[in-house]
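Peer 1: Sequence and predicted structure are below.
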Amino acid sequence: MNRCPWCGTDELYVKYHDEEWGVPVHEEQKHFEFLVLESAQAGLNWLTILRKRENYREAYDNFDAVKISKYDENKVNELMQNAGIIRNRRKIEASINNAKGFLEIQKEFGSFDNYIWSFVDNSPVINHWNDISEVPATSELSDKVSKDLKKRGFKFLGSTIIYAHLQATGIINDHLTSCFRHNEVC
């Protein structure tokens, strides 16, 4: 069975690739989960974050944006002591800030899903890459989304992180054409 080579042979990575990556997401909590995890991943390997994912779910109230938007300095300090997550104060504070922005987008657009999918007219971008070297780290789309989120006050969501979010949530299908998942997630 052919897969995108980035997942290698690590069981957790393969499971993520085979079952989640590139599958269109429309659940609010899942969108927010990926935003938190991807911003935490900045400068790190995604597998590191996947290995800490369950710890994040527990530490971050199962990615409930309403609860997270109310985190105070005591909660930040508690999270800074949690060895099960990335203990970077700026990233933790950004997740709280971004929860507030996420809720504002929900108010304005009815849902974050409506907002994020509007950038592609509710139809995923399906790329046809033959080699992993062809897959970009950013695109005009990720630049546009990132710029809009930054304008709305979001932090730690530059174009590269947003591109990863668009890939993970199926807004962009970057499975290689040789990968068995390429046609399955379309």
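Peer 2: Happy to help now that I have it.

Peer 1: what about the longest helix in the protein?
Peer 2: helix 89-109 (DSSP state H).

Peer 1: List the buried residues for that helix?
Peer 2: Residues of helix 89-109 classed as buried by neighbour count (16 or more other CB atoms under 10 Å): 91-103, 105-106. C-beta here means a position set from N, CA and C on the backbone, and glycine is covered the same way.

Peer 1: now swap in stretch 120-130 and tell me
Peer 2: Buried residues in stretch 120-130, counted by 16+ other CB under 10 Å: 124, 127, 129.

Peer 1: Pull the residues that contact it.
Peer 2: 24, 135, 141, 166, 170-174, 176-178, 186 (CB atoms under 8 Å, 6 or more residues apart in numbering).

Peer 1: Could you identify the most distant pair in these?
Peer 2: 141 and 178 (23.6 Å; CB to CB).

Peer 1: Tell me the predicted confidence for residue 19.
Peer 2: For residue 19, the pLDDT comes out at 97.

Peer 1: which of the contacts of stretch 120-130 tops the neighbour count?
Peer 2: residue 174 (27 neighbours; other CB atoms under 10 Å).

Peer 1: Contacts only, for residue 119.
Peer 2: Taking CB under 8 Å, 6+ apart, we find residue 119 in contact with 141, 144-145, 171.

Peer 1: roughly how far apart are it and residue 166?
Peer 2: Distance, residue 119 to residue 166, using CB to CB, to the nearest Å: 8 Å.

Peer 1: Mind listing the shared neighbours of the two?
Peer 2: By CB under 8 Å, 6+ apart, the residues touching both residue 119 and residue 166 are 141, 145.

Peer 1: Go through stretch 39-58 and flag the buried ones.
Peer 2: For stretch 39-58, burial by neighbour count (16+ other CB under 10 Å) applies to 39-42, 46-47, 49-50, 52-53, 56.

Peer 1: Could you say which helix or strand holds the residue most central in space within the chain?
Peer 2: For the chain, the residue nearest the mean C-alpha position is residue 34 (3.0 Å; CA atoms, centre = their mean). Using DSSP states H and E, the element containing residue 34 is helix 28-41.

Peer 1: now that helix: mean pLDDT?
Peer 2: Averaging pLDDT along helix 28-41 gives 96.

Peer 1: From the contact counts, what lies against the helix or strand following that helix?
Peer 2: Counting by DSSP H and E, the element after helix 28-41 in chain order, helix or strand, is helix 46-59. Using 3 or more CB pairs under 8 Å, 6 or more residues apart in numbering; DSSP states H and E, the elements in contact with helix 46-59 are helix 11-19, helix 28-41.

Peer 1: any idea which helix or strand comes after helix 46-59?
Peer 2: Note on helix 46-59: by DSSP H and E, the next helix or strand toward the C-terminus is helix 65-69.
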